[in-house]
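K.L.:
Here is a sequence with its predicted model. Questions after.
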Amino acid sequence: MKYSSQAVAKPYFIFALVLLAGEILFGLLMSIQYVYGDFLFPLIPFNVLRMVHTNLLIVLILFGFMGATYYLIPEEAERELWSPKLAIITFWVFVVAGVATILGYLFVPYATLTEITFNELLPTMGREFLEQPLPTKVGIVLVVVSYIVNVSMTVLKGRRTVITTVLITGLLGLAVFFLFAFYVPDNLIMDKFFWWFTVHLWVEATWELIMGAILAFVLIKVTGVDREHIDKWLYLIIAMTMVSGILGTGHHFFYMGAPEYWLWIGSISSAVEPLPFFLMILFAFTMSRDRKIKHDNEIALTWAKGTAVMAFIGAGVWGFFHTLAPVNMYTHGTQLTAAHGHLSFYGAYIMIIFTVISYAMPILRGRPHGNSKKAQNVELTSFWMMNIGMMGLTLALSAAGLVQIFDSRVGTELIGFMESAESISSIFMIRAGFGLLVFIGLLTYFYSFFVKEEA
Amino acid sequence: MSKSIALKEPHPPGDFAIWVIIYVEFITFALLFLGYAFSRRLDVELFNASQLAVNQTSGFINTFILITSSYFVVKAVQSIRNMTQESQKESNIQASKWLLLAILCGIAFLGIKITEFSHIFGMGIHLSTNKYFMFYIMLTVFHFLHVLLGSGILFIIYKKTKIYGYLPNDSKGIETGASYWHMVDLLWIVLFPLVYIIR
């Protein structure tokens, strides 16, 4: 570790991983509810589990991004973090707010939660992914603002690189687009527009900048390739991401009451969206091929390459399957959407967090050359378990989606939702199995931290 | 022998990255062109009737302007490519003059386009008026933004020539910008007959 303030990243990484375990656990519980509808009834209903599952995902990614940023910014800016103390304070504020919110979801009925958290002052609750009570939303803003100030001050006083510029642009976008979460128009169609301005412009525009910056940083470190070379790739990828991603918001406006031209704008621009992800694969593998050093932490490079591949498959390929308006007319809101959602979040955002943790955590723990060979082998096993698990889960969900489409949407002899759900229950069993594999993979990953160092 | 080496040009000219962008642009516009063509076939009469509202003359003038600007850009690239150790200053000055002409063409294109848009939008036409105008607006506005960006790129190169920033055997930067400009030009050459002329 070159700068002592990089150490603030450690609690962020650890907590992100803890939240990930929680997220997968709640996902598993839901996958059981899909098969046995009355599982956990009336203790935790499906909608609450789902809310906890998705909110944990968002919060864990934010923790991961923050940890990654606090780790890489001092090295990029070539100076200590502006205020390590502030980073630690915001960590605890965010932990307390996050835990309190999740406990609120689990133990307080949502309607009561809206009442006791002043939702009537400024109604913002009840929207998918943005269910957080008002105080939590305000808390998120405060934490994110202090985080951006901390990072920006560090960069302004230190060296500016392409990576820091891209990263800060992404962070500013993250903060700005979250503000739409505070605006809930009465008109349902307008409401959907503004909701997507947060959700889509996070995951398919600004977060991709953050992901690209983190990936570039790790690749520079583990391959030793010239910065200029990496910068050019990064520029190319983010330029394409931004153009296709911003216009690609249009693919959410299909058939929701928005004008017809969105069918064209959405379809065409999002047909291009997989290309920057494909470039990311070329980027990671070219850098790996042209590497100048052989870093002892081989597993970090494996994660980096894995991120590029899985992000392309999950976001690019699975997104493309149902992004064209004529196809989306049949696939909208089926399990195919869930398949895409799972693999893209995992491939792009969870894996980039694994990548940076696998690179940075050994250094933070006083092992500049990475973990021991044995620990890396354990980690590699977990890499394959989680990837195979996620891929299997995605294929199962896709199969379920296809059955749903042909059961209730294509042709004339259609069957109802419940009947269709019955016909896919065996597929959901398989999905739960692969979900379990992912969870065991994560536990194996955790175990790799505790493998004894070889003498 | 040495002559054949000297004649061998690196392909493609400019930075490889610009070619990735150019191909992605081509794919995007190709999808829009195909969308236009298929939609037109479903309702030829509507497309023919709506087409009467757009000004072919200003479209033609703009085509002429863009092709001319591409010629100027070619001359600018040639000036930089033919540069010798002795002629560094003169070559940069020469290139800057050609580039200035090309940028002026770009600005003229944008100006004419703005007049055309204000006429069309003044008639109360918008994206939802009908399929023809949806494509007309999407294609021409999207292309307009490319001309704007292209002019900006040419301007950055122009500024570099003003400080004699290009050295002998260093034409990659200007070739990169020129490749983008030619793409903008080429897209218009397809767009103009497709949307303005073909009936």
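P.N.:
Received the coordinates, thanks.

K.L.:
what comes up buried for stretch A:16-23?
P.N.:
For stretch A:16-23, the buried set under the neighbour-count rule, 16 or more other Cβ atoms under 10 Å in any protein chain shown, comprises A:Ala16, A:Leu17, A:Leu19, A:Leu20, A:Ala21, A:Gly22, A:Glu23. Using the backbone N, CA and C atoms, a C-beta is placed for each residue, glycine as well.

K.L.:
what does stretch B:59-71 give?
P.N.:
When burial is assessed from 16+ other Cβ under 10 Å, stretch B:59-71 yields the following buried residues: B:Gly59, B:Asn62, B:Thr63, B:Ile65, B:Leu66, B:Ser69, B:Ser70.

K.L.:
re earlier: keep only the buried residues of stretch A:16-23 that also lie close to chain B.
P.N.:
Contacts with chain B within the buried residues of stretch A:16-23, as defined by Cβ under 8 Å from any Cβ of the partner chain: none are present.

K.L.:
now, which of the buried residues of stretch B:59-71 sits nearest B:Lys113?
P.N.:
Proximity of the buried residues of stretch B:59-71 to B:Lys113 was ranked by Cβ to Cβ; the top entry is B:Asn62 with 6.7 Å.

K.L.:
tell me the contacts of the closest one?
P.N.:
B:Phe109, B:Ile112, B:Lys113, B:Trp188, B:Phe192 (Cβ atoms under 8 Å, 6 or more residues apart in numbering or on different chains).

K.L.:
do A:Thr114 as well
P.N.:
Contacts of A:Thr114 (Cβ under 8 Å, 6+ apart): A:Glu120, A:Met125, A:Gly126, A:Pro133.

K.L.:
cool, and B:Trp19?
P.N.:
B:Pro12, B:Ser179.

K.L.:
Please, which helix or strand holds it?
P.N.:
Following DSSP states H and E, one finds B:Trp19 within helix B:16-42.

K.L.:
tell me the mean pLDDT over that helix?
P.N.:
Per-region confidence: helix B:16-42 scores 94 on mean pLDDT.

K.L.:
Could you look up the SS state of the spatially closest residue to A:Glu260 that is not a sequence neighbour?
P.N.:
With Cβ to Cβ, 6 or more residues apart in numbering or on different chains as the criterion, A:Glu260 has its nearest non-adjacent residue at 6.8 Å, and that residue is B:Ser128. Here B:Ser128 is recorded as coil under DSSP: H, G, I helix; E, B strand; the rest coil.

K.L.:
so B:Ser128 makes contact with A:Ala258?
P.N.:
No - proximity of B:Ser128 to A:Ala258 does not meet the contact threshold set by Cβ atoms under 8 Å, at 10.4 Å.

K.L.:
and the gap between the closest residue to B:Asp15 other than its chain neighbours and chain A?
P.N.:
Leaving out its chain neighbours, the residue that sits closest to B:Asp15 by Cβ to Cβ, 6+ apart is B:Thr176, at 4.5 Å. With the distance defined as Cβ to the nearest Cβ, to the nearest Å, B:Thr176 ends up 11 Å from chain A.

K.L.:
And B:Gln78, by the same measure?
P.N.:
B:Gln78 is 26 Å from chain A, where distance means Cβ to the nearest Cβ.

K.L.:
For that residue, grab the count of nearby residues.
P.N.:
The tally of other residues near B:Gln78 (other Cβ atoms under 10 Å in any protein chain shown) stands at 15.
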